[in-house]
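> sequence below, structure please.
(one chain, ligands or ions: 2)
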Amino acid sequence: MGKLKAIIFDVDGTLAETERDGHRLAFNQAFSEMGLPWQWSAEFYGPLLEVSGGKERLIAYVHQYHPQFEPPVELEVWAAQLHRQKTKYYRQLLLEGSIPLRPGIARLITEARREGIRLAIATTSILPNVMALLEKFFHPTIFELIAAGDIVPQKKPTPDIYHYVLEQMNLSPRECIVIEDSQAGVQAATQAGLPTLVTQNEYTQDHDFSGAIAVLSDLGEPDAPFEVIRGELGSATYTTLETLAFLQKQALGNG
Ligand code: XBP
Ligand code: MG
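Residues are numbered from 1 along each chain as shown. Ligands and ions are numbered 1, 2, ... in the order given. Predicted structure coming up:
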């Protein structure tokens with residue numbers, strides 16, 4: 001036991017910069033459509049990400065910034081309606097092709113497939129949004145399991161989604177590595193006992209990643225090396241399966 005058998009990927013902020021250029025803009029479009037004068041700037045959106053899940057984030061925003069707001073129906077019902085419109089806009093943005101994959105993602109997934117490593121997704125985004133991204137860039141069947149949104153009762157930072165993936169795929173945490181971009185994601189994965197590599201981004205660079213094995217700027221490419229924020233990566237300058245196995249071994253040694 002301990003050989004690397006599976007990679008579990010977070011989606012938003014990890015596979016692509018979907019938050020700033022996708023979810024945020026889609027919310028703004030939905031606000032306009034509903035005649036609301038609310039618009040989230042890229043800067044304002046950062047702290048809102050502390051709440052995982054689009055519906056949950058919207059409700060938290062209303063409570064904090066518009067406590068007097070009186071929706072025509074119960075707040076949860078109204079938020080679900082607005083979120084459905086937001087989903088429509090988000091999918092459009094992805095299909096238009098304005099959001100690329102982050103460095104190294106496509107290369108690593110190709111290598112993993114070639115070597116028979118099992119692949120899974122663990123995200124708080126709802127399934128239609130995840131599928132829009134996966135369908136654009138991959139054949140979604142390359143992911144053995146896509147665990148998304150409301151499939152578990154509680155979203156990250158609780159470990160529920162990772163427990164679900166391990167159970168469904170009959171894997172031990174020691175056989176996997178997780179790639180995440182946020183503190184909530186690291187907390188969720190590490191509470192499930194999973195070794196976790198972080199590729200941070202502009203929204204998460206100040207997060208506390210203390211449970212992670214290593215923190216990188218991104219996965220890197222042969223001609224565009226990653227920056228090591230924290231961790232022991234040997235002589236690697238971009239992430240390969242060998243790098244992941246090296247990191248996983250470190251995590252098992254410490255665990
Ligand atoms: C990130 C999230 C999501 C998205 C919005 O998820 O917190 O809530 O911002 O998604 P992860 P929905 O990093 O786990 O992929 O609107 O689809 O809920
Ligand atoms: Mg994320």
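> report how many residues lie close to the residue in the chain positioned nearest to ligand 1.
Nearest residue of the chain to ligand 1, counting by CB to the nearest ligand atom: Gly54, 2.1 Å away. (Glycine included, C-beta is placed from N, CA and C.) Taking other CB atoms under 10 Å as the neighbour definition, Gly54 ends up with a count of 24.
> how far away is it from Val130?
Going from Gly54 to Val130 by CB to CB, to the nearest Å gives 12 Å.
> likewise for Phe69?
29 Å.
> show me what contacts Pro195?
The contact partners of Pro195, by CB atoms under 8 Å, 6 or more residues apart in numbering, come to 173-174, 176-178, 213, 247-248, 251-252, 255.
> go with 10 Å
In this structure, Pro195 makes contact with 4, 173-178, 189, 211-214, 244, 247-252, 254-255, judged by CB atoms under 10 Å, 6 or more residues apart in numbering.
> what pLDDT does it get?
Here, the pLDDT recorded for Pro195 equals 98.
> check the offset of the lengthiest helix in the chain from the chain's centre.
Ranked by residue count and defined by DSSP state H, the top helix of the chain is helix 75-96. Relative to its chain's centre, helix 75-96 lies at 18 Å (CA atoms, centre = their mean, to the nearest Å).
> for Pro128, phi and psi?
Dihedral pair for Pro128: phi -60, psi -30, per degrees, to the nearest 10.
> hang on, it packs against Gly149?
Yes - proximity of Pro128 to Gly149 meets the contact threshold set by CB atoms under 10 Å, at 8.8 Å.
> these two: which is more packed in?
Gly149 (18 against 14).
> now for that one: which residues touch it?
Neighbour list for Gly149: 53-55, 123-130, 155, 161 [criterion: CB under 10 Å, 6+ apart].
> filter the residues you listed down to the ones in helices?
Among these, the members falling in helices (DSSP H) are 54-55, 127-130, 161.
> would you mind listing the buried residues in the longest helix of the chain?
Residues 78-79, 82-83, 85-87, 89-91, 93-94 are the ones in helix 75-96 that count as buried (16 or more other CB atoms under 10 Å).
> quick revisit: which one of Phe69 and Val130 is surrounded by more residues?
Ranked by neighbour count (other CB under 10 Å), Phe69 and Val130 place Val130 first, with 23 against 13.
> so which residues of the stretch 101-250 of the chain form helices?
Assigned by DSSP state H, counting those that start in this stretch, the helices in the stretch 101-250 of the chain fall at 105-114, 127-137, 160-169, 183-191, 241-254.
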